[in-house]
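**Student:** quick one, what's the 3D model for this:
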Amino acid sequence: MPSSQKGYALIIILMLTIVLFFTGSAALNLGGSVRKTAALETEQKKAYYIAEAGIERAVDKAKRESAWVQSLALNSEVNLVPGVIPAGYADGNFVHIKVRKEFHNESKTVLSIQSKGQYRDVYREIKVKVDLGRPMPFYRGYWTESPPGAPSAFLNNTVIGSDITVNGNIVFMNNCNATGDIRAGGNVTVESNMTINPKNLYAGGTVEVRNNGEVAGNIQAVGDVTLGNNAKVGGEVKSMGNIALSNNTTVGGDIRANGEITGPVGPEGVYPRQSLDLHFVIPPFPEINLAWYRKNADYYYSGSQTWSGSFDLDGLSFIDGDLIIRGTYSGTGTVVVGGQTTFNGSLDCKDTGKDNLCILCAGNVTLINGVQVRTLVYSPATVTMENNSIMRGSVIARTLIQKQNSKFYYEPAMEARQSGWITTSLEILSWEEK
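**Tutor:** Predicted structure coming up:
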């Protein structure tokens, strides 16, 4: 081979060697870069998952600890790390989990939650805003909205062994006997041998006690108070309006009014033209979110159900239809009924010390004649206790109808055993990665 050709061959070999060298170096650099990028993405994901877990823990605490949520000061911030939630999590850390109460009323609370997660040298932060409903307030015992178009009614010889909360107007008559305090947002009438014994009556409207009606405790009313025809009041009578007495009325305590006091009263213990503030607040009637329960139920039943005999009711069940129920239950369960509920026979539990049943019903609830039932009941429609029926537990109903000789007794131990988080609705209003 001529020397010139040998020189060209050497140059070509040298150039190829240089190209291969740089190509290999670039490939090595690219491979290292890809590996670094992949590792960084993995660390970012892990940091994000840690931040997400912090949100979940804060939300779970808020759902399960209603009293803690209520104790938070409005617009103040609380860091749950490390005092409430340990910092270490999944080979990383919660840097902070901050909770701020932004809004609160008797029906719901809005919380802002910020969670910052760390994995190695990577940080991710998530901020969410949640709308948290309050647990169903079975602690009130007996709560009815009693709207104008469907007022609640208590007929002959009924017994109400509980405090009573009423949003609207209410009439008690015909030998009805209530043993707890009555708080009504509207007008209250007590007549025809009805007795409120031994507690008190508070009204956001007017009060009338007549025809042998009796309030063994005190009366406080934002509106006028009228007492007549053998009415009896064992304690004081206070009104931001006027007070009128007639026809053998008996009052055991002082009589005070911002307006005038008229009728046969003695010279002592009568104080007209006062400056009383007797206002009080009754929260709006609670509502339930059926879609939330359907989505989060442990057990789902398609179509109407008939349950009888002995059965276990642990957990959260959803019935997409009506429920007919009788028998004996065990466990601590909540049953959400999309239709109506009928107690066609008596319903009790195996162990009154630990078993508990809560029924949240979208439609009407009926106890047929003579049955005895032990449960917590909520209905945005009508709960009817037919003649001679007996219920023990707690009732929240838009309209309550107690028929002849029916009896209700509040069981505070049942309310205490009910898990508040089950009846606490939750809605995510916003979700933002910072």
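
**Student:** so where do the helices sit in the chain?
**Tutor:** With DSSP state H applied, the chain shows helices at 3-64, 66-71, 290-296, 412-417, listed in chain order.

**Student:** mean pLDDT for those helices: which is lowest?
**Tutor:** Comparing the helices of the chain by mean pLDDT, the weakest confidence falls on helix 3-64, with a mean of 69.

**Student:** quick check: the nearest residue to Lys63 once chain neighbours are set aside vs Glu65, distance?
**Tutor:** Counting by Cβ to Cβ, 6 or more residues apart in numbering, the nearest residue to Lys63 once its immediate chain neighbours are dropped is Trp421, at 4.3 Å. For the C-beta atoms, the positions are set from N, CA and C on the backbone; glycine is no exception. As for Trp421, its distance to Glu65 is 8 Å (criterion: Cβ to Cβ, to the nearest Å).

**Student:** rewinding a little: what residues are up against the residue nearest to Lys63?
**Tutor:** By Cβ atoms under 8 Å, 6 or more residues apart in numbering, Trp421 lies in contact with 63-64, 66, 135.

**Student:** mind listing what Pro412 touches?
**Tutor:** By Cβ under 8 Å, 6+ apart, the contact list for Pro412 reads Tyr139.

**Student:** change it to 10 Å
**Tutor:** Taking Cβ atoms under 10 Å, 6 or more residues apart in numbering, we find Pro412 in contact with 138-139, 141, 162, 393-394.

**Student:** show me just the buried residues among the residues you listed.
**Tutor:** 138, 141, 162, 393-394 (16 or more other Cβ atoms under 10 Å).

**Student:** any weak-confidence spans in this protein?
**Tutor:** Across the chain, the stretches falling below the confidence threshold (pLDDT under 70) are 1-40, 198, 266-268.

**Student:** find the centremost residue of it, please.
**Tutor:** Centroid-nearest residue in the chain: Pro135, 2.1 Å away (criterion: Cα atoms, centre = their mean).

**Student:** export the contacts of Trp421 as JSON lines, with columns for distance to Leu347.
**Tutor:** Listed next are the contacts of Trp421 as JSON lines, based on distance: Cβ to Cβ, whole Å:
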{"residue": "Lys63", "distance to Leu347": "28"}
{"residue": "Arg64", "distance to Leu347": "28"}
{"residue": "Ser66", "distance to Leu347": "27"}
{"residue": "Pro135", "distance to Leu347": "23"}
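
**Student:** from those residues, which two are the most distant?
**Tutor:** Taking Cβ to Cβ, the two most distant members of the contacts of Trp421 are Arg64 and Pro135; they sit 9.9 Å apart.

**Student:** overlap in contacts of the two?
**Tutor:** Both Arg64 and Pro135 are contacted by 419-422, 424, under the criterion Cβ under 10 Å, 6+ apart.

**Student:** farthest-separated two in the contacts of Pro412?
**Tutor:** Counting by Cβ to Cβ, the most remote pair of the contacts of Pro412 is Tyr139 and Gly393, 11.9 Å apart.

**Student:** shared neighbours of the two, anything?
**Tutor:** 410, 412, 415, 418.

**Student:** the first one reaches Thr165, doesn't it?
**Tutor:** No - the pair formed by Tyr410 and Thr165 falls short of the contact definition of Cβ atoms under 10 Å, at 11.5 Å.

**Student:** which neighbours do those two have in common?
**Tutor:** Overlap of the contact sets of Tyr410 and Thr165 (by Cβ under 10 Å, 6+ apart) consists of 140-142, 180.

**Student:** contacting residues for the residue nearest to Ala53 when sequence neighbours are not counted?
**Tutor:** With sequence-adjacent residues excluded and distances taken as Cβ to Cβ, 6+ apart, Ala53 is closest to Tyr89, at 6.1 Å. Residues in contact with Tyr89 (Cβ under 10 Å, 6+ apart) are 49-51, 53-54, 57, 81, 117-119.

**Student:** columns distance to Tyr202 and neighbour count on top of those residues, output as CSV?
**Tutor:** Putting the contacts of Tyr89 into CSV (distance: Cβ to Cβ, whole Å; neighbours: other Cβ atoms under 10 Å) gives the following:
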residue, distance to Tyr202, neighbour count
Tyr49, 52, 16
Ile50, 51, 25
Ala51, 48, 28
Ala53, 47, 19
Gly54, 44, 27
Arg57, 41, 19
Val81, 44, 21
Gly117, 50, 27
Gln118, 54, 20
Tyr119, 57, 22
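
**Student:** for the residues you listed, which one is nearest Thr226?
**Tutor:** Within the contacts of Tyr89, the smallest distance to Thr226 is 56.4 Å, found for Arg57 (Cβ to Cβ).

**Student:** run a quick check on Arg273 versus Glu260, I expect a contact.
**Tutor:** Yes - proximity of Arg273 to Glu260 meets the contact threshold set by Cβ under 10 Å, at 7.6 Å.

**Student:** quick one on the thing from earlier: are any of the shared contacts of Arg64 and Pro135 buried, and which?
**Tutor:** Buried among the shared contacts of Arg64 and Pro135 by 16+ other Cβ under 10 Å: 419-420, 422, 424.

**Student:** quick one, what contacts Thr226?
**Tutor:** 189, 206-210, 239, 242-246, 249, 263.

**Student:** of all those, which comes closest to Lys295?
**Tutor:** Here the nearest of the contacts of Thr226 to Lys295, counting by Cβ to Cβ, is Thr189; it sits at 43.7 Å.

**Student:** what about that closest one, distance to Asn175?
**Tutor:** 15 Å.

**Student:** thinking again about what came up before, let's have the shared contacts of Tyr410 and Thr165 in CSV, adding distance to Ile288.
**Tutor:** As requested, the shared contacts of Tyr410 and Thr165 are arranged in CSV below (distance: Cβ to Cβ, whole Å):
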residue, distance to Ile288
Arg140, 16
Gly141, 19
Tyr142, 18
Gly180, 25
